[in-house]
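> fold the following, please.
(2 chains)
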Amino acid sequence: MRIPMPQRQTAPHVRAEGSAMGMQGDIILMLFFLYTMPTIFFGPRVPLCGLLSAALCYLCDLGCQLLRRRRNPRDLSGVVTGLMIPLLLPASIPFGVVLAAGLFAILVVKHPFGGLGQNPFNPAAGGLACVSVTAPDLVFRYPMPAMPTTGWLPLFGTVETALASGSAEQLQSGSMPAYEPVDLLRGFFPGPVGTTCTLLVIGCLLYLLARRTVTWHTPVAFLGTVAICAFLFPRLASGDRLDSMIYELLSGAAVFGAAILMGDPVTTPRIASGRLLYGMIGGATLMALRHFGAYPQGMVFAVLIANAFSPMLDELTARAYTRRYRRLGQDAWEAEERSEDIEAAGRTDEEVAGE
Amino acid sequence: MKRIQAFLQNRPLRLSRQGLKKLLGRSPVLLRGLALVPVAAACHSLRNALALSVVMAFVLLPTLLLLSLIRRSLWEPMRLPAAALVAFVFYIPGWQTAKALLPDISTRLGIFLPLLLVDTLLFCRAEESAYRETLGRTMCEGLLDLAGFVLVALLSGFVRELAGMGTLMGQPVHLPWTTSLAILPAGGFILLGFLAAGWRLCGEGIRRVYIRRSHRALIKRQRKGKEAEE
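Reported below is the predicted structural model:
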């Protein structure tokens, strides 16, 4: 059985028939793939954390669905949320914090708004924002990655190895990060578990692009905006623009956010131009948060702020679409039908007259 | 004499039943979104909630009384500024009273106390009741809204102080965990959202019970009528 896509905002431009199951399967596969490097670096604690979080989120999601009498056990969006959360946290994070983030994501960010397909904010980003605000000392301190020879993190219990600040924090203070760009690419520096190994994340992004689970518009606009902002306003005290660009792109969770968080099909706008604008807003917000924000990692907040713009972008781009079809006058009847579709999606007569 | 007796017997009952209905059916904070800011931002402990309630009582009730008395002599565009100005007069004794209860009130509540002067709850009551209805009715509505505000403020203060700091009125309570989210305004808004949902759910349930009961009574009456006819 194929589960149909969430029906609320199918814009007229969507022609390909996708299934929520296939998309979720792709993303889950990629998330499992992202767990490989952290497992080598930090030991089995990380995948255990991910599995626990995924199980909790799935069960919680199912419980909420039962409560709302819309049972759909094949909906794996809870697993996606649960697997995403530990990837943006340090490996040393206590299990309680991860589970709290998962609970918050499902119970507060997802289901009060109507569950899958209706949530205006990315649940994983919401849960992570909650724990970043409440326990910043746990969330923004990272253990140094270790090879199996030097010792993995303990499977259970608290981590007692020394925690370091990530390269994002060093950038925040204006100093040059103490890690080579090559180290940043292969993930050998303290940072959020799933985001440090940039090569792996880029591989995932390419797979998702090839499978058309994520379209190219959002990641390209997002990373492009981040790169341009980093080039124009370097945070490095030395003022080297090219270095600034490289480190800004590689040290935070920018690539991970562009690939996985911003590409979430529920919260992105439906039309290509809207997606471009959405990516730009996200990138600009991320850079603003890095320059003026209090936290070293602003990715989840940037994603949440960009999500808030998404419905508005949908409406704006849909309006531009109808206007263009009317002006071209091509196939008047069809264009009329399209505009009617869009009007049914929430446009009133006054707005049409206002144009 | 009979009339007075009937009044004494029926009146309080009817009033209280109506009042209860209104109190349950129309919470100003949870259902109409009035006075959201002080509750969400400042009511993170029971003491804050108490101080806010005291000041709100001092600001709301005498202001409504005075506005309702002087409404005929007011120029219409000046209604809202007049409400704020009159409230300002009564704010000072309210502030002094709250200060007697809670010495460090200005550091605890800061801007949120004077913000009560331009609160939506006050303006809404002034526009809807004081400038339109009789004095008695205005005061009744004002009291009900005040009760609704105090209820939600105390509830919010109770839950957020317990969950955020593990204390009640400053007394430590042993809890397994606390979360600083409860003290932040974000936590206040989330709590208010869930409270509003619960409130509506309860209201819906109560309404259904009422409808069912009145439906049954109607059927019974019809049956009796038929039997009487036969």
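> got any ranges where the chain has weak pLDDT?
With no chain named, the answer covers chain A. Applying pLDDT under 70 to chain A flags the ranges A:1-21, A:147-151, A:157, A:159-160, A:162, A:325-326, A:328-355.
> sorry, I should have been clearer: chain B.
Residues of chain B that meet the cut-off, pLDDT under 70, sit at B:1-25.
> what packs against the longest helix belonging to it?
The single longest helix within chain B, with elements called by DSSP state H, is helix B:185-229. Identification of packing neighbours for helix B:185-229 by 3 or more CB pairs under 8 Å, 6 or more residues apart in numbering or on different chains; DSSP states H and E yields helix B:2-25, helix B:135-165. C-beta coordinates here come from the backbone N, C-alpha and C atoms, glycine included.
> which secondary structure elements does the longest one contact?
Helices and strands touching helix B:135-165, by 3+ CB pairs under 8 Å, 6+ apart, are helix B:2-25, helix B:46-70, helix B:120-125, strand B:167-168, helix B:185-229.
> now do the helix or strand encompassing A:Gly126 and helix B:135-165, the angle between them.
If you go by DSSP states H and E, A:Gly126 is part of helix A:123-134. Helix A:123-134 and helix B:135-165 are oriented at 80 degrees to each other (axes from the mean of the first three to the mean of the last three CA atoms, to 10 degrees).
> what parts of chain A come near chain B?
Contacts of chain A with chain B, taken as CB under 8 Å from any CB of the partner chain, map to A:Ala100, A:Val108, A:Pro112, A:Cys130, A:Val133, A:Thr134, A:Ala135.
> top of these by neighbour count?
Among these, A:Cys130 has the most neighbours (other CB atoms under 10 Å in any protein chain shown), with 25 neighbours.
> identify the residues contacting that one.
A:Ala100, A:Ala101, A:Phe104, A:Val108, B:Leu181 (CB atoms under 8 Å, 6 or more residues apart in numbering or on different chains).
> among those residues, which ones are in helices?
When these are checked against helices (DSSP H), the matches are A:Ala100, A:Ala101, A:Phe104.
> what about A:Arg45, neighbour count?
23.
> near residue 227, how many other residues are there?
All of this is about chain A. A:Ala227 has 18 neighbours, counted by other CB under 10 Å.
> to clarify, I was referring to chain B.
When neighbours are defined as other CB under 10 Å, B:Glu227 has 8 of them.
> same check, this time on B:Glu204
10.
> any idea how far it is from chain A?
As judged by CB to the nearest CB, to the nearest Å, B:Glu204 and chain A stand 15 Å apart.
> coming back round to it: and of the contacts of A:Cys130, the nearest to A:Thr322?
The closest of the contacts of A:Cys130 to A:Thr322 turns out to be A:Val108 (CB to CB; 35.9 Å).
> contact partners for the closest one?
Neighbouring residues of A:Val108 by CB under 8 Å, 6+ apart: A:Gly126, A:Cys130, B:Ile190.
> can you add distance to B:Cys43 and give those back as a markdown table?
Converted to a markdown table, the contacts of A:Val108 look like this (distance: CB to CB, whole Å):
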| residue | distance to B:Cys43 |
| --- | --- |
| A:Gly126 | 23 |
| A:Cys130 | 20 |
| B:Ile190 | 13 |
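> show me what the lengthiest helix in chain A is packed against.
Looking across chain A with DSSP H, the single longest helix is helix A:299-328. Secondary-structure packing of helix A:299-328 (3+ CB pairs under 8 Å, 6+ apart): helix A:123-134, helix A:272-292, helix A:332-344.
> the longest one packs against which elements?
Just to be clear, that refers to helix A:272-292. On a contact count with 3+ CB pairs under 8 Å, 6+ apart, helix A:272-292 meets helix A:167-172, helix A:217-232, helix A:299-328.
> the closest residue to chain B within the stretch 251-355 of chain A and A:Leu242: what is the separation?
Across the stretch 251-355 of chain A, no residue is closer to chain B than A:Leu304, which sits at 11.5 Å (CB to the nearest CB). Going from A:Leu304 to A:Leu242 by CB to CB, to the nearest Å gives 31 Å.
> still on that earlier bit, got the angle for the longest helix of chain A vs helix A:123-134?
Using the same axes, to 10 degrees: helix A:299-328 against helix A:123-134 is 140 degrees.
> show me which residues of helix A:299-328 are buried.
A:299-307, A:309-310, A:313-319, A:321-322, A:325 (16 or more other CB atoms under 10 Å in any protein chain shown).
> likewise for stretch B:170-185?
For stretch B:170-185, by 16+ other CB under 10 Å, it's B:Thr178, B:Thr179, B:Leu181, B:Ala182, B:Ile183, B:Leu184.
> redo the residues you listed as TSV? Include distance to chain A.
Shown next, in TSV, are these (distance: CB to the nearest CB, whole Å):
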residue	distance to chain A
B:Thr178	10
B:Thr179	6
B:Leu181	5
B:Ala182	9
B:Ile183	10
B:Leu184	7
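> need the max-distance pair from those residues.
Farthest pair in the buried residues of stretch B:170-185, by CB to CB: B:Thr178 and B:Leu184, 12.7 Å.
> need the overlap of contacts for the two.
Contact with both B:Thr178 and B:Leu184 is made by no residue, according to CB under 8 Å, 6+ apart.
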